[in-house]
Structures are given as structure tokens and as C-alpha cells.
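Student: no sequence for this one, just the structure:
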Ligand code: SAM
């Protein structure tokens, strides 16, 4: 049996092994090695520099939770997706009729090309008339932008290679500046099992910048440790007291027809995802 091994943090012993039917695509862009596999148990799988980015089996757990937690708290018109070149987040954002413009800024055109070629479930989102896809370093793109985006979704790869800059204070500050005064941001924030101190460092930076920064998580079998987290940040001018849904935010942001079509997210898991296991709650308190 052919196997793909994600040697997550070489030497850490935290490999993820996936049985493979066939390698469908392999190329080296200016930024990373881009591969697509057909797997035995998880459908098609996209990897970048040997790290699993998504599988058809469980990507909804990640894409729905990164997108709908902030989107359900907002009536967003202007949305920015950072990274996300596979289109999974874009597909979730264009479900909202309130959205007038969504900018997707991914540094690597190979990723969007590969996604359209091998993941047809994301292809339509790229054709949405409200979507604008930009290929540049998002750290450069956000510089100088002021008070335009209602929601910013940071779907970046792990803090290595081109994505390193997307976890730095200066970048968060530029994202903050690009948001409306009541804007909401959610960003990929690693694994509570493997990166508690990293999470604490980044969420602390965000807490000192935003009105609030709260960690929440999803369960996703093909990511190391079987889960990954996010940080939900609310800007100073928002009337929201926290990232939990309440009657008001349900009235403003709830879209039952959207939630009915989802596989992981609903309003119950929205609030429950902020209830953290004790070991990480103690670190982040
Ligand atoms: N869900 C995945 C995860 O949690 O690791 C991330 C998926 S998405 C494919 C990650 C994207 O971030 C990639 O397409 C990569 O090209 C993009 N990226 C990395 N560094 C970037 C940067 N500096 N500016 C814009 N996009 C970047």
C-alpha cells in the first residue's frame, strides 16, 4: 500500500500517515511544493511542502468553523480571506447574501489553479461575481488598508515558510487597521495539544490589540492531534460582548437556510466550541 507521511515538525514524532491510491499532481511553485493525492479513506487531499492542507473527507469541519463563527456574528458586506487559495473558505463566504465583496489574497497562484482542477466542489465559488482573487503576499496587501472589511478570515498554512509573517504582531496590526470599527477577525491558530505556548503568545498579542480575542476549536481527523483551533477577535467598536451567539446576534447574523446546508457548524457548536478542555483553558486564562 502506497502511503503519504506528514512529518509534522520533523523529529517530533507526530507524523500523520495516509494510505494513498495515486499521486494526481506534483509541482514546485515559487513558494512551496504543491501536491494532490487520491487517498484510500479521505478522498482527494491537498498538501503544501508535505503538510496536509485539506481532504475531501473532513475539510468542512475546518472551513465551516473558521467562516461561520464570525459570519454569524456579523452582517458582513466586505470580507477579506487571507490565504485560503483552495477556495474552501470562499465557498462558505459566498453563501451569505449580505456579502457584497469578498477579496481572497493568496500568495500562490498554483494553489487556486490546483483547486479548480482537482476540487470541483470549490470551483463555483471562484466564479462568484462578488469574489476578487489576488495573488500576493497578504502581509503586503493589508499594509495601508483602513476600515474597509467587516470580517477578515485568515486561512493561512502553519507558521513556516511564506506563512510565517502571517502570525506576527505587525501583520495583526495591519489587519486590525483594515477592519471596520466593529469588525471581526478569525484566524487559524494551531493545535491546543501541540502548540499551547504559541497559542498563548499570539492570543495575548491579539487581546492587547482587539476588544477581545477568544480561542475556539474544531475536530478534524487528518490534522495533527485530530483538532485545530482558531482565534476570534472583535474590534473595539463592536456592540458584541463576546463571540458567543445571543438572541441579538442570532437576529442579525442567523441564516437558517445556510445552517441547514452545513455538515459541522450550527448555533449549538458555535458556542460549545469556545468551551475549552481544562489543560488549554488554564494556559490561556
Ligand atoms: N487549512 C490550512 C491550514 O490550516 O493549514 C490552510 C489552507 S490554505 C491552502 C493556506 C494558504 O496560505 C496556502 O494556499 C498558501 O499559499 C497561503 N499563504 C501562505 N503564506 C501566505 C502569505 N504570506 N500571503 C498569502 N497567502 C499565503
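Tutor: Yes, it's here. From a predicted model like this one, the values you see are computed outputs, not experimental measurements.
Student: from now on I want contacts and neighbour counts done on CA atoms only, so please keep to that.
Tutor: Fine.
Student: check residue 252 and give its pLDDT.
Tutor: With respect to pLDDT, residue 252 scores 48.
Student: go on, residue 268?
Tutor: Residue 268 is assigned a predicted lDDT (pLDDT) of 93.
Student: what of the one 5 residues further on?
Tutor: Taken from the predicted model, the pLDDT recorded for residue 273 is 97.
Student: also residue 211?
Tutor: Model confidence at residue 211, given as pLDDT, is 96.
Student: can you give me the helices for the stretch 151-285 of the chain?
Tutor: 169-178, 196-207, 247-253, 256-260, 267-272, 278-284 (DSSP state H, counting those that start in this stretch).
Student: pLDDT of the longest one, averaged?
Tutor: Over the span of helix 196-207, the pLDDT mean works out to 97.
Student: for that helix, packing partners?
Tutor: In this structure, helix 196-207 packs against strand 212-219, strand 227-234, helix 278-284, with contacts taken as 3 or more CA pairs under 8 Å, 6 or more residues apart in numbering; DSSP states H and E.
Student: what average pLDDT does the second one get?
Tutor: What it means is strand 227-234. For strand 227-234, mean pLDDT is 98.
Student: mind starting the numbering at 733 from now?
Tutor: Noted, 733 is the first residue going forward, which turns the last one into strand 959-966.
Student: that one: partners in the sheet, and parallel or antiparallel?
Tutor: Using DSSP bridges, the strands paired with strand 959-966 are strand 911-920 (antiparallel), strand 944-951 (antiparallel).
Student: quick check: mean pLDDT across the first one?
Tutor: Strand 911-920 carries an average pLDDT of 97.
Student: ok, residues contacting it?
Tutor: Around strand 911-920, the neighbours that count as contacts under CA atoms under 8 Å, 6 or more residues apart in numbering are 798-799, 802, 806, 878-888, 960-971.
Student: return the residues of this protein in contact with the ligand.
Tutor: Those residues of the chain that sit near the ligand, judged by CA under 6 Å from any ligand atom, are 785, 814-818, 837-840, 843, 869-871, 887-890, 894-895, 920.
Student: if you set the cut-off to 5 Å instead, what comes out?
Tutor: For the chain, the residues found near the ligand under the criterion CA under 5 Å from any ligand atom are 785, 815-817, 838-840, 869-870, 888-889, 894-895.
Student: closest to residue 903 among the residues you listed?
Tutor: Relative to residue 903, the closest of those is residue 870; by CA to CA it sits at 8.8 Å.
Student: which ones are touching that closest one?
Tutor: 814-815, 837-839, 898.
Student: same check, this time on residue 991
Tutor: The contact partners of residue 991, by CA under 8 Å, 6+ apart, come to 997-998.
Student: and the one 3 residues further on, by the same measure?
Tutor: The neighbours of residue 994, taking CA under 8 Å, 6+ apart as the test, are residue 796.
Student: got the phi/psi numbers for it?
Tutor: Backbone dihedrals for residue 994, given as degrees, to the nearest 10, come out at phi -90, psi 170.
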